[in-house]
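> would you be able to build a 3D model of this:
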Amino acid sequence: MRRALLLLVIGCAPAPAPHHVPAWVSDTKSYGSPSGPSAASVPSAAAPAVPAPSAAASAAAIATAPAGRGTLATRYREQVDKIVTTAHNDRDAFRKLAHLTDHIGHRLAGSHELDLAIAWAARVMKEDGLEVRTEKVMVPHWVRGAESAELVAPVARSLHVLGLGGTVGTPKGGITAPVVVVHSWAELEAKASEVKGAVVLYDVAMPKWTEDKGAGYGEVVQYRGQGASRAAKLGAVAMLLRSVTSHSLSTPHTGAFQRARMAELGLKPAILPPLLDVDTYADARAVAAVAPDTHFGHAVEGLAA
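Sure, this is the predicted structure:
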């Protein structure tokens, strides 16, 4: 009865303005493609002109769409709405996050804080009725030292800095070198002759969040992960990076660069293609082709055999 009443109200109410779906939400082409021809593949001459569907009709079409068709946003809209509604009414997840960040803090690999966090997480998950066990593993251990940086010309000024996890220390007397500012990988390569013996500063601003494009984090964080090793290949002696955030008041954000360090340890890291989902065997083959000497690559080869 409640559902019938809701449909009746929707049918009688004036049609609202079309709902704008951001491009990044609908960009799920790799998942759930229709089995038959799409409307776009039908010749225009054979397609009769029909009025645009009302909002109620669109909602009904979404609700009755066959399973396995449409984008992720369409297929899982009802389930996502339930999750969001539940999350808005339940503050337990936020309370757990607050405890983790306020009472334990950072959790660098091998640190005492990580041990505290693991013990706390296991206890809380057991209290929630889950079956939990912890296992001993080997992890790299990096300890933060004292950090400082200063601009010496054209004016003297201390800088707010925070080292990236996994970085190596400077010589005992520190490093003094000219600074080369770049805004992209292309500019880094173009200034290769200037980079040798210099400190490279990646001045790449993180764009603000927008409804259409979402966060620009992925566009900028690559400079944090790869910046040091790519600058070092050109002879740079150090690397500076502006915080990967769109809002900051002299508050440095840390992170880690890992690719070069993994290679030093004999591992074979690979940059995977920008797949939104690995949902099909073809998707898995595409990833395995880029990273053939990995556990994932060998697993996909096993499936082919």
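
> only C-alpha atoms for contact and neighbour calcs from this point on.
Fine.

> what ranges does the stretch 201-305 of the chain have for its strands?
238-241 (DSSP state E, counting those that start in this stretch).

> tell me where it has helices.
Using DSSP state H, counting those that start in this stretch, the helices of the stretch 201-305 of the chain run over 217-233, 259-264, 281-290, 295-304.

> of all those, which lies closest to Gly129?
Between Gly129 and the helices of the stretch 201-305 of the chain, the shortest gap by Cα to Cα is with helix 295-304, which sits at 32.2 Å.

> residues of the closest one that come out buried?
Residues of helix 295-304 classed as buried: Gly297, Val300 (neighbour count, 16 or more other Cα atoms under 10 Å).

> next, the angle from that helix to helix 281-290.
130 degrees (axes from the mean of the first three to the mean of the last three Cα atoms, to 10 degrees).

> helix 295-304 - contacts with which helices or strands?
When contacts are defined as 3 or more Cα pairs under 8 Å, 6 or more residues apart in numbering; DSSP states H and E, helix 295-304 sits against helix 281-290.

> quick check: mean pLDDT of the helix it packs on?
Mean per-residue pLDDT for helix 281-290: 78.

> do stretch 229-236 as well
pLDDT averaged over stretch 229-236 gives 90.

> same check on stretch 123-139?
92.

> how about residues contacting it?
Ala109, Gly110, Ile118, Ala122 (Cα atoms under 8 Å, 6 or more residues apart in numbering).

> picking that back up, tell me which of the helices of the stretch 201-305 of the chain is the most buried.
Neighbour counts (mean count of other Cα atoms under 10 Å) averaged over each of these peak at helix 217-233, with a mean of 18.

> thinking again about what came up before, adding distance to Leu72, write the helices of the stretch 201-305 of the chain out as CSV.
Shown next, in CSV, are the helices of the stretch 201-305 of the chain (distance: least, Cα to Cα, whole Å):
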stretch, distance to Leu72
helix 217-233, 21
helix 259-264, 32
helix 281-290, 16
helix 295-304, 25
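
> any of the contacts of stretch 123-139 buried? List them.
Ala109, Ala122.

> now, which of the contacts of stretch 123-139 lie within helices?
In helices, defined here by DSSP state H, the members of those are Ile118, Ala122.

> can you tell me which of the contacts of stretch 123-139 is nearest Gly216?
Ala109 (27.0 Å).

> roughly how far apart are the closest one and Asp128?
26 Å (Cα to Cα, to the nearest Å).

> got it, and Ala231?
Shown here: Ala231 relative to Asp128, a distance of 47 Å by Cα to Cα.

> how about Arg144?
35 Å.

> distance-wise, check Val287 relative to Gln222.
The spacing between Val287 and Gln222, counted by Cα to Cα, is 19 Å.
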